[in-house]
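Visitor: Curious how this folds, go ahead:
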Amino acid sequence: MTYVIRGKRIMFQSCQMDNLGQEETYETYEQAEIALKKIQDSIPFDTFEIRKLEDVRK
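Guide: The predicted model follows:
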């Protein structure tokens, strides 16, 4: 399963050279949870959620 983190107004893009400009993805829900915690701490004015990538594309 692949997961992404989305906010109401924000979508996160990768900074890695091979994925530059593509949405940041996480291989496990646990990795996404760790990233979500860091994001919520640094951007407290928005609400974010973890979504399965196939749910996002529907």
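Visitor: hey, let's count contacts and neighbours off CA atoms from now on
Guide: Noted.
Visitor: Can you give me the pLDDT of the residue lying closest to residue 7 once chain neighbours are set aside?
Guide: The shortest distance from residue 7 to any non-neighbouring residue, by C-alpha to C-alpha, 6 or more residues apart in numbering, is to residue 48 (4.2 Å). Note on residue 48: pLDDT of 93.
Visitor: Kindly report the same for residue 55.
Guide: 61.
Visitor: Could you do residue 42 as well?
Guide: 91.
Visitor: quick one: contacts for the residue nearest to residue 7?
Guide: Counting by C-alpha atoms under 8 Å, 6 or more residues apart in numbering, residue 48 makes contact with 5, 6, 7, 8, 36, 40.
Visitor: ok, now residue 28?
Guide: 1, 2, 3.
Visitor: Could you check how far the residue nearest to the last one when sequence neighbours are not counted is from residue 17?
Guide: Leaving out its chain neighbours, the residue that sits closest to residue 3 by C-alpha to C-alpha, 6+ apart is residue 52, at 4.5 Å. The spacing between residue 52 and residue 17, counted by C-alpha to C-alpha, to the nearest Å, is 24 Å.
Visitor: out of these two, which sits in the more crowded spot?
Guide: Higher neighbour count among residue 52 and residue 17: residue 52, with 16 against 7, using other C-alpha atoms under 10 Å.
Visitor: I figured that one was touching residue 1, is that so?
Guide: Yes: with contact defined as C-alpha atoms under 8 Å, residue 52 counts as touching residue 1 (7.0 Å).
Visitor: Buried residues of whichever strand or helix holds residue 37, list them for me.
Guide: Secondary structure assignment for residue 37, by DSSP states H and E: helix 29-42. For helix 29-42, burial by neighbour count (16 or more other C-alpha atoms under 10 Å) applies to 29, 32, 33, 35, 36.
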